[in-house]
Structure formats: C-alpha cells, structure tokens
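*Asks:* okay, here's the prediction I keep looking at, along with the sequence it came from:
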Amino acid sequence: MAVITMREAISQALWEEMERDPKVFILGEEVGVWGGTYAVTKGFLDHFGPERVRDTPISEAAIVGAGVGAALAGMRPVAELMTINFAFVAMDHIVNQAAKLHYMFNGQMKVPLVIRAPGGGGRQLAATHSQTPDAIFAHFPGLKVVAPGTPADAKGLLKAAIRSDDPVLFIENATIYQQRGEVPDGDYTVPIGKSKVQRAGKHVTLVTYSKMVQPSLQAAELLAKENIEVEVVDLRSLRPLDMHPVIESFKKTNRAVIVEEGWESFGVGAEVAARIYQDAFDYVDAPIRRVAQKEVPLPYNRRLEQLALPQMDDIVRAVREVMK
Amino acid sequence: MAKIIEMPKLGFDMAEGTLMNWVKAEGDKVEKGETLAEIETDKATVQVESSESGVVFKHLAAPNATLPVGAPIAVISAPGETVDLDALLGGSTTAEEKEKTEEKAPASPVSEPPVGQTVEPETPAAPGPESGASVKASPLAKALARDRGVNLAAIAGSGPGGRVVKRDVEAALETAKSPAAVSSSAFAPGQDRALPLSKLRAAIGRRMQESKRSIPAFYLTRSIDVRDLVKMRRQMNESREKDAKISLNDFLVRAAALALRQYPNLNASLDGNNILQHGDINIGVAVALEQGLLTVVLRNADRKSVEQIAAESGRLVRAAREGKLRNEDIAGSTFTISNLGMYDIEEFIAIVNPPETAILAVGSALEVPVAVNGSLQVGWRMKATLSADHRVTDGAEAAQFLQALALFLEQPWRLLVA
C-alpha cells in the first residue's frame, strides 16, 4: 500500500479511468492548461489532449449542462466545478436535468455524469466561497452524493462514480487535499452507499464523513485516555445513505454524536439522528448530540472563522456530554 | 367509550395485588392483549394485559400501591376521547370519595381539571410529579426495566437531571442479585444477617403452614421401573436440538394426567361439604427460582402429547426464570408434581398445595441392583411419593392411582396411544 495525498488519490482515479475508458473526459474551468484550480488535473492535457481535457468558459450552467448532454449521448463526462459554492448557478442542470432525466423518460436514457466539486471552510475565502452545502444536494432523489474522508475512499469512490450509470455529485473538501493516507495498490472501487466503521469502540457512536473524519478519529484517540471508547462511523455517501453500520453500532453503544462541517439545521446530523430514533428507539440511553458549524455566514476573520467551524475540541466536549 | 381496568383476580385465593410498575404510560397507545402493568401477587410478579384497545387515559394507582381485587387501576379511552372521570368512576369510587366529589362539584365546576379532560392523542401525557409514569428514564432504561421486571420508580437516576439510564438499571439488577450471591464466607465470625422475607417467600410460608395445619395428609411411596422409559427418552432425544429435548418430567406430567383421568378424586378440591372434581386436568410443575418456588401450569395435560408438554414446559420455565410469567401461566393447577431428580434426591415428601388434593414428589431415575426371579440384575428405578388429603381420598384409592401412574411409566408406549 502506498501512502499518498487526497489530491493524488483523486488525480490517480481520474487518470486511471481515462486510460481505461475512452468515453471518460474532463471539462471545467482551468482544468487543462492550468492543471486545475487545486492541481488535480496537472499533466492531463499533455497526456490526453484537448479533446478529453476541455477548458470551458466561466459558466457553471454551461459546464453541467454540457456534461448532461454528453452523458445522454453516451459519454462519461467528469465535470469539475471550481467550488461547490458555484453549483448554485448550475442548480437547474443538477437537480432538474441530471437528477430527473432517467426517471422522467422512464429509464430510456441514462446520465452517467460525475460532478466534482470541492467545498468546505477554513481557508479565509469568506462567506460565499466557504460553504459546506452537502445536505442540500443529498435532498434530491435521483442524484447520488458521495463525500469521502480518506485518500483510499476518495480514489475508490471516484472510480465507482465514473463507472456508475447515475449522476454522482462527488464532493471534495479543499482543506484536506494534502491529507495523507494508505491507498490499496492496483485497480479497485469503493461501493457508493456503504458506510464504514473507521474505528471500533463500544461506548459511543460518532457518525461523521468527509473532512470531519480526521478530527473525529483524533477525538476518539484523546477520549480513549479517559476510558471512553468511541466507534467512528464514516458515512462516505450521503445518498444513498447507509444506516446499517450506524444502527448496529448504536445498538451496542446506546449513545451517539453526529459530526458534520455544515450547518446544524436541517443537516446530515438531523437526518441521521431521526433515523436512529426511528429504528433504534428502545436502545437510546441519552439524547443524541450534533456537532456542526455555527449558524452564521462563515466569517472572513481567521479567528472568527475557526470559532464558527466545528473543531476537535467540540467533538470531545459533545462526547463527554452524551456520556454523562 | 372509556373503560376501567381493574385489579385482576389472578388466582383462587388472591385478595389484593401490588402494582409494581406501569409498562404503558399515560397517553400511550395500547392494544388489547398488550402488557399494561406488572403486578405482584402472593405468588409471583405477573404482567397484566389490557382488556381494551385505545389510549391509556389515566393511571388510577401509583407504583407500589396495594389494592384489592376489582379496584380500578386505569382508564383506557379512545384516542382523542373526552372522558368524564367522575361519571365513569361513579360506580366504583368509595362512598366517601363520592361524597367529596359531590360536595365539590357544584362549588367549582370549572376549576376541576379531571372532569371532562380531553386526551390529545398526538401529545404524550406530560409527566406530572405525582403520576406513576413520571419517572424520567431513557428509552433504553425503560425497555430494560420492562424486560427484566425492574421497578423504574424505585431507581435513582444518575443521568442529567436525574434521568434513569442503562447503568442505573444494571446496578439495580446487580443489587437485587447480591443477597443470594453473597457467599457464606462473607460473614464475619459471630455476625448475623437479617434478610427481609420477599413477598414470594412469605406467601410460600403462609400456604405451606396452612396446608400442614388444615390438611390431614398421608404419604405413599413406591418405586417404578423406568428402564423402558429411559430408553425411549434417549431414542426420542437423539434427533432433537438441545433446547427441544424431552425431560423425564415431561413424561411424568403426561402419565400423571392420564392416571388422574382414571382417578378424578385426586384431581379435586374440598369445597365446604362437597368434593369438587375438576373437569380440566391442569398439572402444576414446581420450578425453583432464586427468590423461591413457583408452580407453572400445564393445562389439559391429558389432552396433550409429550412433545407438546415438553415445548410448553420449556417456555414456562424460561418465562419463570426471566420473570415474564403471565397469570394464566401460574394459576389454576389441579394437581402438582415436584421433581428433585436433577439434584440426585432419591425420594422425598412434598406438602400438598392447597386447594389441591394431592402432590407427587419424584426422585432420580437410578441404575440399581434389582432381584428378578431369584437372581440379581441391574435395573432402572425411580421413586415417587404421593401426599394426599385424607378428607378427600383414602390410601387404597391413592395406591391405585400410583399403580395406574406406574403402568404408564413402565410401559411408556401407553403414553403415546392413550
């Protein structure tokens, strides 16, 4: 197993899939000559040529719309949005076209489109460029939403997304591109819609995904010294949402904390908590707590920004609270 | 239409019962047949099933209250139904209470909250301080308490705001276990320990004392050749799963029931100047528990196969150990069998379990030397002692009953064809 960064994992997945299947191509702003805003597609243009690595005008609606059209015509496009904050201007193409066509035309056509979009706060990009709106997209049936938290899952899930016949929103988190992790050798995929226990424990279930996986694992490490054994479940996909490992874990621990980077209201934590209460009510031994972003537009000021974002300390505090 | 649930009569001689805890809180939906509350009688803690479907409108008894049979304990209403509690309870409130309400009613008809109260089905009843359902407990703690027969109201909660959580229920179960678990070595020299009599222990004492005082019992012992029975049982069990194995006692239950069919006088109760011969043959089987002794009842055992008896007794013994017995599981036996064979007891004498006429005490099936036609052989023998009420039956009849019983056990194919 090689240890590589999240960025390298995503880049490798794209490269290997383009080598494997000539129908796979990339389109987006600055993906070609510049090599991608986060350098994910560096070197792709030279190797695959301008037909398969296409720089587009600055119009997210055009990028996703062209992607939907190409997918309908039999290609396997990977559309890159510079940030997920720009997905809002492509909203109609994502939720009304990509997510609906297969259904509305009674399965006559497929939309094997992948939309890659980095998001997340913490880089002083201010309120409009720092959001974690993952839950919004997970709301729509017809659109798969994945958000990996480790390089191994990122590589395997992106490959699975490209091979999927359904539209997939592949949410990256820009602050963890440099995070390193072990990645299996050779070609592999990680199934979409399967949660994973990243650390076993028996006292409390910590449900999380994407960027918050690492701080959750760190919190678990710290809490182990207080003899609180935390089980960390990584959702990996938000739709389809795999609750099985969460419920199994909860039946053992009877307590849960849900950690996400986005806002708390109507968020991933609300969904997961509701399902636990519904499916494991008789196992509930303490109110489920959520750790999430403060309910404000994210501040530009570095200190305020960090205060508004959920931190490892917040997770530790929440776990101690549910263990009372 | 709102219905009153009353303290049920759970046995011939039950006069009162203690409400242990409510399984359904006020405002909870309840289906007919679902467990509503747990009640401790002289005999055991049993689950009371709701005789109505609807919503628990009100609890009329708090946990630990001891009430006479027939006293109202709860009101079940339709969802959203408006219940006039006074009107409903009018028939069953005591004269004194009635007087009070009559005095109050004209004075302040508006300010009386229970009159014409409305149940709002979507809002669970807010836990009031005096309500039995007001124990603050996590859903898990509630589920655990329900399953293990723990009274939540008696537990101090260690969670936030005094909430009872899993660890509190587990601690309570631990404490409940500990008196029995303490070994004799825990005594300091010269130190005594006083353990309060449990309700069950006290009830056993009372009933046995009453039996010894009022029943002129006589005792007959005979040994039974069980060679063929032991062999048949082994063959029948060869292909069975561990939990489905048939015990010698299951054969005994069937044999006794069939013998009782021939000797109805031993399946009877003395009722004033009458001997009341019972139409049903319900065999009570004594089960030893940590807290004392219970008899579980195999109904109409003469009409059931050995396999049915085995399955049913397995379920009943499990329920007894788990404290999940229902009233019909322990009430209405007409004859009792007490078997101490598994403790290597060769023979013993049991005390008649009133109002029954007789009880059979059974020892181990043993391989023993027996004399056959002047030579010594090895055989299988089991000793059974019948204790019987001389007011109802005599030695000769009881001996004939034992003969009939022995025939079924010595030629066990008879158990299968009768």
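*Replies:* It's in.

*Asks:* wait, doesn't B:A153 sit right on B:P63?
*Replies:* Yes. The criterion here is Cβ atoms under 8 Å, and B:A153 meets it with B:P63 at 4.4 Å. Placement of C-beta: from N, CA and C, glycine included.

*Asks:* is whichever residue of the stretch 251-400 of chain B sits closest to chain A in a helix, a strand, or coil?
*Replies:* Distances between the stretch 251-400 of chain B and chain A by Cβ to the nearest Cβ are smallest at B:K324, namely 16.4 Å. The assignment at B:K324 comes out as coil when based on DSSP: H, G, I helix; E, B strand; the rest coil.

*Asks:* number of residues surrounding it?
*Replies:* Per other Cβ atoms under 10 Å in any protein chain shown, the neighbour tally for B:K324 reads 19.

*Asks:* I figured it hits B:T45, correct?
*Replies:* No. Proximity of B:K324 to B:T45 does not meet the contact threshold set by Cβ under 8 Å, at 9.2 Å.

*Asks:* overlap in contacts of the two?
*Replies:* B:G149 (Cβ atoms under 8 Å, 6 or more residues apart in numbering or on different chains).

*Asks:* what residues does the stretch 151-300 of chain A have near chain B?
*Replies:* For the stretch 151-300 of chain A, the contact set with chain B under Cβ under 8 Å from any Cβ of the partner chain comprises A:254, A:281-286.

*Asks:* which of the residues you listed tops the neighbour count?
*Replies:* Each of those was scored for neighbours by other Cβ under 10 Å, and A:D285 scores highest at 26 neighbours.

*Asks:* B:K166: how many residues sit nearby?
*Replies:* Here the neighbour count serves as a burial measure; for B:K166 (other Cβ under 10 Å) it reads 21.

*Asks:* burial count for the closest residue to A:S195 other than its chain neighbours?
*Replies:* Counting by Cβ to Cβ, 6 or more residues apart in numbering or on different chains, A:D242 is the residue found nearest to A:S195 once chain neighbours are left out, at 4.2 Å. Residue neighbour count, defined by other Cβ under 10 Å, stands at 18 for A:D242.

*Asks:* now do the contacts for A:R123.
*Replies:* The contact partners of A:R123, taken as Cβ under 8 Å, 6+ apart, are A:130, A:174-175.

*Asks:* among those, which lie within strands?
*Replies:* Residues from these lying in strands, with DSSP state E as the criterion: none.

*Asks:* out of those residues, which is most surrounded?
*Replies:* Most neighbours among the contacts of A:R123, by other Cβ under 10 Å: A:S130, with 25 neighbours.

*Asks:* give the contact list for it.
*Replies:* A:85, A:120-123, A:298, A:305.

*Asks:* apply 7 Å and report the result again.
*Replies:* Taking Cβ atoms under 7 Å, 6 or more residues apart in numbering or on different chains as the contact definition, A:S130 lies against A:121, A:298.

*Asks:* state the distance from it to A:E60.
*Replies:* The spacing between A:S130 and A:E60, counted by Cβ to Cβ, to the nearest Å, is 17 Å.

*Asks:* how about B:V69?
*Replies:* Note on B:V69: its distance to A:E60, by Cβ to Cβ, is 77 Å.

*Asks:* which one of these two has more residues nearby?
*Replies:* Each of B:V69 and A:E60 had its neighbours counted (other Cβ under 10 Å), and the higher figure belongs to A:E60 (25 against 15).

*Asks:* name the nearest residue to the more buried one, ignoring sequence neighbours.
*Replies:* Spatially, and ignoring its direct neighbours in sequence, A:E60 is nearest to A:A90 (4.0 Å; Cβ to Cβ, 6+ apart).

*Asks:* ok, A:V204 next?
*Replies:* Using Cβ to Cβ, 6+ apart and skipping residues adjacent in sequence, the residue nearest A:V204 is A:R255, 4.5 Å away.
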